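S.K.: Provided below are the primary sequence and the corresponding predicted coordinates.
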Amino acid sequence: MESENKRAASRRIRTALILTAVAAVYFVTARLSLYLAFGNTNATPVWPPSGIALAVILLWGYRMGPAIFAGAFIANVLALKGSGLAPVYVVAVSFTTAIGNMLEGLIGAWCIRRFTGNRNPFHSLADLFVFIIMGSLVSTIVSASIGATSFCLASGQWTTFLPMWLTWWLGDATGILIVSPLVVMLKMKLWPQLSRIRWMEAAAILLILMLSVATIFSYNYRLEYVLIPPLVWIAVRFGRLPSAAAILIVSAVSVFCTIRGAGPLTDPQTSQSLIYLQTYIGVISIITLCLSVLTHNRKTAQRELNHYKDHLEEIVKERSASLMDANNQLVRRIGELDRAKIALAQSEGKYRDLVESANSVILRWKPDGSVTFFNTYAQKFFGFAESEIIGKSILGTIVPVLESSGRNLDWLIHDIIHNPEGHAFNENENIRKNGEKVWIAWTNKPVFDESGNLQEILSVGNDITKRKNIEESLKKTMAELAVAKERAEEADRIKSAFLAAMSHELRTPLNSIIGFTGIILQGFAGPLTDEQKKQLGMVQGSSQHLLSLINDVLDISKIEAGQLKVSAEPFDLLASIEKTAASMKPVAEKKGLALNVRIGKGVDMAVGDQRRVEQILLNLLSNAVKFTESGSVTLDAARIQNGDSDNEDRTSIPLPAVRFSITDSGIGIRPEDLQQLFQPFRQIDSGIARKAEGTGLGLAICRRLADLMGGEITATSAWEKGSTFTFTLPLKGKTVS
């Protein structure tokens, strides 16, 4: 009990603090707004406190009314203190005006909740119209009428009643249109989710809007409605909360400039100027809010539609399963009723009600095909009245003789009659009275007499036309995809065969060029000048590079065409490792890199293709050196035995095996680039990579060669820190399953 009392006291304190804060905010806003009062009255062109009052009552309830009254009363007393009215009149006018301010907020909030059902009237266009009409235009009549009347009664200035009332009413209405949407949406945290580009766009359009407002209202250009396109842009592109903020900015600048006598809305007659200003603010506010809410509704509907499309197939399957289950349950219930004829006769009325209310086609028909029962749902579905179908054959009425596919349904009906157990369930095309073709899933239950003779067939059906249409569409799509896949594979095989043939033809003249260039460089054809040696050396280097590229193309083409074979012979793996490392050491030293080689125990003999193993190691080491500018490249070779804990994630590699790890301190690879790392003709687009020569075939060939030898290659990397390529090779060759 004590803890409950403490909680109640805490709630009361919290409520009191909220009420005090609301009263203070209303008072401060009112004091600032009353500086814009019309003449010696308290009617202003824009009254933001009315928007605050409506918003806080919508958000925190009708208990905020006294706080609104308190803030309004104190603000009005201070505003009228120097107006020349007697003190008693100042208090009376302030009291009645505060009552009007409070009633305005309470009535507006009640109307919005009554006609929208929630406290957020900016969720749909219909709710927004309720907010504009009831919250902004209707409820404000109360405050304007009470305030203008009380002031004129106290001052006797009845000649100013009509312009004062009109200014008061429009001021409260514009205040609600400007402030309430912003307060409600800020409290409900309706922030838009924007990307960096969208934020830049928002900043740009906001800058354009502010420059336009400043230009128009500083130089008195009659172009005030030029501001509508930027506001429309904000509403369509950025949603409700940014639109409300933009309205506040434009309104604040418009009011400030107009009150100071600047801008296109000024008029020699003050009241006329205020009406222009209020009308202008109201128009742009309503247009912008309507567009922002309409855009929100459109985006919401689109997300629902996308969700429905994504899950349409699952919905169809689930619906079909539920229909099948419902059919089976219904058939079981009808079967149980048939097995208890006496009970059925006693409860015939209840049974008929059940059948008639079922959302399925239910009919009974005799072995000669004539219909004896046709429930109400069936009559509505097929379009036949009971008198038009009872006694008629189902063939030619609801069952066509031939389906659209050409299947003979006369034979199907004949087979159901003579073998009903074999057709407990069937699907076939049916036809409505108007000629429309539909597909029905039928569950058939034969009804026998005591002698075992077939008396009737009970058929329960459900419309599966939509499902059949979807299935046909899927079949057509799958057939088209299969044809496209076959064509693509054939084109790929032709391409691979062509590349293999052309690569082979190109290697012969290149070998001749390389050979004869070497002979000339060795001086067998006579002495050469230094320039000739330089040029011939470039020819020889380019020819060797081109031959290497052609060899890569030939290898990848043979692999893709299924023509490349790898051998499985014993060889000295340790010697191959040392040979490969020795060939790369001068290249590494030339770049100032340390090439470390660490070979574990048991790495000696292996069974496989020695040339291809050396090709893989050489390519991986060459890449590591190529893309490392400083630091080191390390080759680790370790034997993996059965039961090694570090092989749990590589169970596809037969043991024992050797794992090669080539680690560098180079540029590394971005996570998004790892996926295309082993794709043919793909190179990572980085500064160093773009300087390096190659076709992007090396890693693709290495992975395929590893696969052919029963091994695998994987890569891990940290951007700008280095990479590790892991090559795992079975020591006993590829296992054939």
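M.R.: On my side now, so go ahead.
S.K.: can you point me to the longest helix in the chain?
M.R.: Among the elements of type helix in the chain, defined by DSSP state H, the one spanning the most residues is helix 465-521.
S.K.: helices or strands next to it in the packing?
M.R.: Taking 3 or more C-beta pairs under 8 Å, 6 or more residues apart in numbering; DSSP states H and E as the contact definition, the neighbouring helices and strands of helix 465-521 are helix 312-339, strand 437-448, helix 530-560. Glycine gets a C-beta too; all of them are placed from N, C-alpha and C.
S.K.: Give me the nearest residue to Ser212, chain neighbours excluded.
M.R.: Among residues not flanking Ser212 along the chain, Leu227 sits closest, at 5.6 Å (C-beta to C-beta, 6 or more residues apart in numbering).
S.K.: ok, now Phe448?
M.R.: What sits nearest to Phe448 in space, not counting adjacent residues and going by C-beta to C-beta, 6+ apart, is Leu454, at 6.0 Å.
S.K.: One more: Pro121?
M.R.: The shortest distance from Pro121 to any non-neighbouring residue, by C-beta to C-beta, 6+ apart, is to Phe131 (3.8 Å).
S.K.: Quickly note the distance from the residue lying closest to Ile640 once chain neighbours are set aside to Leu729.
M.R.: The spatially closest residue to Ile640, leaving aside those adjacent along the chain, is Ala657, at 4.8 Å (C-beta to C-beta, 6+ apart). Using C-beta to C-beta, to the nearest Å, one obtains 6 Å as the distance from Ala657 to Leu729.
S.K.: Quick check: neighbours shared by those two?
M.R.: Overlap between the neighbourhoods of Ala657 and Leu729 consists of Gly711, taking contacts as C-beta atoms under 8 Å, 6 or more residues apart in numbering.
S.K.: More neighbours: which of the two?
M.R.: Between Ala657 and Leu729, Leu729 has the larger neighbour count (other C-beta atoms under 10 Å), namely 27 against 23.
S.K.: list the contacts for the more buried one?
M.R.: When contacts are counted by C-beta under 8 Å, 6+ apart, Leu729 is found next to 606, 608, 613, 657-660, 706, 709-711.
S.K.: Mind doing that once more with 7 Å?
M.R.: Under the criterion of C-beta atoms under 7 Å, 6 or more residues apart in numbering, the contact partners of Leu729 comprise 606, 608, 613, 657-658, 709, 711.
S.K.: for Leu137, same thing?
M.R.: Ala173.
S.K.: Let me know whether my guess that it is in a helix holds.
M.R.: Yes - with the criterion set as DSSP: H, G, I helix; E, B strand; the rest coil, the secondary structure at Leu137 is a helix.
S.K.: separation between it and Ala144?
M.R.: According to C-beta to C-beta, Leu137 and Ala144 sit 11 Å apart.
S.K.: and what of Asn118?
M.R.: Remark: distance between Asn118 and Ala144 (C-beta to C-beta) = 27 Å.
S.K.: re the thing from before, for the residue nearest to Ile640, give me phi and psi.
M.R.: phi -150, psi 170 (degrees, to the nearest 10).
S.K.: Next, the buried residues of the strand or helix carrying Leu153.
M.R.: Leu153 belongs to helix 139-155 when elements are defined using DSSP states H and E. Along helix 139-155, these residues count as buried under the neighbour rule (16 or more other C-beta atoms under 10 Å): 139-144, 146-152, 154-155.
S.K.: elements contacting it?
M.R.: Secondary structure elements in contact with helix 139-155, counted by 3 or more C-beta pairs under 7 Å, 6 or more residues apart in numbering; DSSP states H and E, are helix 87-116, helix 161-187.
S.K.: which one of these lies closest to Trp411?
M.R.: Put simply, out of the helices and strands packed on helix 139-155 the one that sits nearest Trp411 is helix 87-116, at 61.6 Å, with distance taken as C-beta to C-beta.
S.K.: What residues of that closest one count as buried?
M.R.: Taking 16+ other C-beta under 10 Å as the basis for neighbour counts, the residues of helix 87-116 that come out buried are 89-113, 115-116.
S.K.: that older thread, what about the residue nearest to Phe448, how many neighbours?
M.R.: When neighbours are counted by other C-beta under 10 Å, Leu454 comes out with 14.
S.K.: Look up phi and psi at it.
M.R.: phi -70, psi 120.
S.K.: and Pro527, what helix or strand is that in?
M.R.: Take DSSP H and E as the rule and Pro527 turns out to sit in neither a helix nor a strand.
S.K.: any idea how far the residue nearest the centre of the chain is from Asn297?
M.R.: Using C-alpha atoms, centre = their mean, the residue of the chain that lies closest to the mean C-alpha position is Arg303, 7.7 Å off. With distances taken as C-beta to C-beta, Arg303 is found 11 Å from Asn297.
S.K.: Give me the pLDDT for Ala37.
M.R.: We note a pLDDT of 57 for Ala37 in this prediction.
S.K.: Can you report how many residues neighbour Asn426?
M.R.: Taking other C-beta under 10 Å as the criterion, the count of residues near Asn426 is 16.
S.K.: coming back round to it: what residues does the helix holding Leu153 touch?
M.R.: When contacts are defined by C-beta under 7 Å, 6+ apart, helix 139-155 is touched by residues 41-43, 50, 85, 89, 92-93, 96-97, 99-101, 103-104, 107-108, 111, 158, 161, 164-165, 168-169, 172-173, 176.
S.K.: at 8 Å what do you get?
M.R.: Contact partners of helix 139-155, identified using C-beta under 8 Å, 6+ apart, comprise 40-43, 50, 54, 83, 85-86, 89-90, 92-93, 96-97, 99-101, 103-105, 107-108, 111, 157-158, 160-161, 164-166, 168-169, 172-173, 176.
S.K.: My guess is Ile68 contacts Leu103. True?
M.R.: No - using C-beta atoms under 8 Å, Ile68 and Leu103 do not qualify as a contacting pair, with a distance of 9.4 Å.
S.K.: Which residues lie in contact with the residue nearest to Phe448 in this structure?
M.R.: With C-beta under 8 Å, 6+ apart as the criterion, the residues that contact Leu454 are 367, 417, 420, 446-448.
S.K.: now those residues: which count as buried?
M.R.: Among those, those scoring as buried are 367, 417, 420, 446 (criterion: 16+ other C-beta under 10 Å).
S.K.: Run through the bridge partners of the last one.
M.R.: For Pro446, the beta-bridge assignment (DSSP bridges) gives partners Ile457.
S.K.: Please report how far it lies from Val460.
M.R.: When C-beta to C-beta is applied, the distance between Pro446 and Val460 equals 13 Å.
S.K.: Could you do the third one as well?
M.R.: Using C-beta to C-beta, one gets 14 Å for the distance from Pro420 to Val460.
S.K.: After the helix or strand hosting Val613, heading C-terminal, what element do we hit next?
M.R.: Using DSSP H and E, Val613 maps to helix 610-626. Using DSSP H and E, the helix or strand that directly follows helix 610-626 along the chain is strand 632-640.
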